[in-house]
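J.: sequence first, predicted model second:
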Amino acid sequence: MNRRKLHKGLWITFFISPGLLVVGLFILLPLFLSLYNSLFSWEQLIRLEFVGFDNFKRLFFAYPYNERFSNALGNNLTWFISTMLIQNSLGLLFGYLLSRNIPGAEAFKRIFFIPVLFSIVAVGFLWGIYLKPTGLVNKFLEIVGLGALKQAWLGSEQLSTPSIIAVNIWRWVGFPTLVFLAAIDNVPQECLEAAYMEGVSEWQLFWKIIFPLIVPSLTIITVLTIIGSLNVFEQVYTMTGLDGGPNYSTDTIGTLFYRTAFGSVDAGSPEIGIGSAIGVVIYLLTFAISLISIFVTKRKEVQL
Amino acid sequence: MKKKMTVFLLVTLLLPGMLFAQGTAEKPSVTTVQKEKTVLEFWTWRPEDVDFYAAQIAKFEALNPDIQIIQTAQKNTEYNTILAASLSGGAGPDVFQGRAYGGLATFADSGFLEPLEQWMPELKDYSATALLGATSPTDGRIYGSPAVSQTVFMYYNKAIYKKLGLSIPKTWDQLLANFDAVKKAGYLALGNGAKDGWTLETMLGGMGPGFYGATSFYNDVVDGKKNFEDPAFIFMMEQMKSLTKYMPDMYMGVGYDDMRSYFVNETAAHLIAGSYEAAYFKSQNPSLDFGIFAIPSAKAFDPAYVSVYADMNFAVNAHSKHKEAAIEFLHFLSSKEFGNAMVRDLKMVSAVPGVDASFDPFIASVLDLQKNSTPYLFLVGFRYKQPTGSSLWQAAAQGVMAGTITPEQAAKQIQSGIASYYTPFQK
């Protein structure tokens, strides 16, 4: 019996070790290295003496780091709330409609999912062109007689973040749609039939039966949205640039981290200590918030 | 069954290993063939000049058949990051375009750049302005061979000026009158936008000095005698904001590429930009007839200033395995012939002493404007530490141009940002 267990254990080790090696080398090691780097003072690209949590103190309390950091974190929060409310609600709606086999459901399923397959950089680049003052979006508004609504979508402090979020929703809404569709399709047919026989309305059917049964996929989508919102980088980088312009209105902790750790051409030289501190904070935030959301949504799950 | 499974697993695991092993085994035979040639990596941030450098490299390789140069051009805005990452990782190019001032100091102070005095004694003949941009303020040593200086001024479309009977303005009011005239004629008066923060620093370099007090203000802020909340500096921002009515519709969304295309396509009659644009303008629209002038200040008797800065230095990787060859190539890049080619083909003001820039009429006019030059404020004086004056200016200026903050608030932001580390401001 024991030999058998040992044998099984060896096999398991054999199969997980390549994956563990990759995760250890490319995820865990850099994580601890950035924690290590954040505890030192830096002169340009050279590590100097140990300073404890000094970099964190500067990040949270010293101007201009504190202002930049809270501004960027605020933008990440905007990303999370809008993505949760708009993208995931739309995803749920689309998923539900597709599961009801509306006409053309098969075609829509594919159409919604196509943008998910596009490279994020290509999407950002192309939409960056469409959203120019003389771009496709403004031209379209002009043609349909809504010329008064033309805007400098990526150049206005109020509109730039919402514009980038809208592009990202366009790109990514197919993903929650597909996840919710699969979850709804998995709801046992007999439950639905029984409910229909009881004469429930479509509204009640959704909220009382389907929704509680698809909470596990909602958990997954929520966690992915949290991680995605805290790690926003490429979208901003390709559409408004590393400085999160105009006037930091699209800055996120991702772009702030990159700019601080690696520097940017016109804006300055790298500050690796502070940059590493931001990296550690991003990690801790993602970890903590994901745990909380899993804990909260788990309690809402219903087992059949 | 179990045995078969184990054998199968072993084979699947070992096969790729054997394949790769074969690949590495082949490699040495390739390198032995090319062993006689020293291969140097050369990086630039000018993808638009790839052909120019390729032609020059061909000349160098003809003179030095044992050296092969591989050119890589990185996107301008990503260059520093890629360079920093590869140099920190112990790799990176042997010879490369380095920035000037703080951008060069970052690499020099980290020990990645070869000090050049012993390799290039001729550096002492370079102008002080050029050498300042190549010197690290930390140890005072020279880490780059100065390549070009840049000048910021106003480009104007000569054909439009001729058609409307306009002349080069001598005062700020005349400039605004010209703007009104071209606007009335259906052109865009000023092609500048504000989406990319750094183009607002260029705008400052072009129209700012006449209002904030040029070099005397520069010296005073560097010494801490004045600061950026100075009324003259705030007045300058108000004037800059007042130009928005001449700028493109929705100028806050107009980025660098759009700005350039407005001028190249002759939609815009003016553009505040650097001397580095001339070659691009010519290549995109050979029939474009443009001229340049220094932007005048409020009074006619004040000289009109242009902002000047050392821009590019050729540098050598301190850890290069082929330092001798790298220095050989650096000498080539610092030669008069190469300097002349830069003037002729790239329309850039070469920093190499003895290069005759005046045979190109455009460069000659740039040199003429440089007679009244002033340091490019934030780059020359305040780009050594974070938050740099440049980053503070760029964001604050975007706020001013969009109307979300006042010039006074912008001035305060810039001042307190720099004062967080700049000791003359902390008194």
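T.: Noted; the coordinates are in hand.

J.: give the partner strands of the helix or strand that contains residue B:68 in its sheet and their orientations.
T.: Using DSSP states H and E, residue B:68 sits within strand B:67-73. The pairing partners recorded for strand B:67-73 under DSSP bridges are strand B:38-44 (parallel).

J.: list the buried ones in the partner strand?
T.: B:38, B:40-44 (16 or more other Cβ atoms under 10 Å in any protein chain shown). (Glycine included, C-beta is placed from N, CA and C.)

J.: just the helices from the stretch 51-200 of chain A, written as ranges.
T.: Along the stretch 51-200 of chain A, counting by DSSP state H, counting those that start in this stretch, helices occupy A:54-61, A:65-82, A:89-99, A:105-117, A:120-130, A:136-143, A:160-172, A:174-185, A:189-198.

J.: and the fifth one, what does it pack against?
T.: I take that to be helix A:120-130. Packing contacts for helix A:120-130, counted by 3 or more Cβ pairs under 8 Å, 6 or more residues apart in numbering or on different chains; DSSP states H and E, involve helix A:136-143, helix A:160-172, helix A:234-239.

J.: let's see the pLDDT reported for residue A:151.
T.: As predicted, residue A:151 sits at a pLDDT of 92.

J.: I meant residue A:264, not that one.
T.: 69.

J.: so which helix or strand takes in the residue lying closest to residue A:233 once chain neighbours are set aside?
T.: Distances taken as Cβ to Cβ, 6 or more residues apart in numbering or on different chains place residue A:254 nearest to residue A:233, at 3.4 Å, with adjacent residues excluded. Residue A:254 belongs to helix A:253-262 when assigned by DSSP H and E.

J.: same deal with residue B:215?
T.: Judged by DSSP H and E, residue B:215 forms part of helix B:214-223.

J.: if we can go back for a sec, contacting residues for the residue nearest to residue A:233?
T.: Counting by Cβ atoms under 8 Å, 6 or more residues apart in numbering or on different chains, residue A:254 touches A:230-233, A:236, A:282.

J.: could I get the residues you listed as TSV with distance to residue B:397?
T.: As requested, the contacts of residue A:254 are exported to TSV (distance: Cβ to Cβ, whole Å):
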residue	distance to residue B:397
A:230	30
A:231	30
A:232	25
A:233	25
A:236	20
A:282	29
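
J.: for these, which one is nearest residue B:94?
T.: residue A:233 (31.5 Å; Cβ to Cβ).

J.: distance check, that closest one against residue A:171.
T.: Using Cβ to Cβ, to the nearest Å, residue A:233 is found at 14 Å from residue A:171.

J.: residues touching the helix holding residue B:215, excluding its own?
T.: B:209, B:213, B:226-228, B:230, B:232-233, B:305, B:374-375, B:377, B:380-381, B:424.

J.: buried set for that helix?
T.: For helix B:214-223, a neighbour-count test (16+ other Cβ under 10 Å) marks B:214, B:217-218, B:221-222 as buried.

J.: please work out the average pLDDT along that helix.
T.: pLDDT averaged over helix B:214-223 gives 92.

J.: after that helix, next one along is what?
T.: Scanning forward in sequence from helix B:214-223 by DSSP H and E, the next helix or strand is helix B:231-242.

J.: now do the next helix or strand along the chain from that following helix against helix A:120-130: the angle between them, please.
T.: Sequence-wise, the next helix or strand downstream of helix B:231-242 (DSSP H and E) is helix B:256-264. Interaxial angle, helix B:256-264 versus helix A:120-130 (axes from the mean of the first three to the mean of the last three Cα atoms, to 10 degrees): 40 degrees.

J.: contacts only, for residue B:424.
T.: Counted by Cβ under 8 Å, 6+ apart, residue B:424 has contacts B:222-224.

J.: and it, how far is that from residue B:220?
T.: 10 Å.

J.: pick out the residue nearest the middle of chain B.
T.: residue B:311 (5.3 Å; Cα atoms, centre = their mean).

J.: I'd assumed that one was in a helix, is it?
T.: No - judged by DSSP: H, G, I helix; E, B strand; the rest coil, residue B:311 forms no part of a helix; its state is strand.

J.: secondary structure class for the residue nearest to it when sequence neighbours are not counted?
T.: The shortest distance from residue B:311 to any non-neighbouring residue, by Cβ to Cβ, 6+ apart, is to residue B:150 (4.3 Å). Secondary structure of residue B:150, reduced to three states by three-state DSSP: strand.

J.: got a pLDDT number for residue 136?
T.: Picked chain A for this. 95.

J.: think we crossed wires, I meant chain B
T.: Residue B:136 is given a pLDDT of 89.
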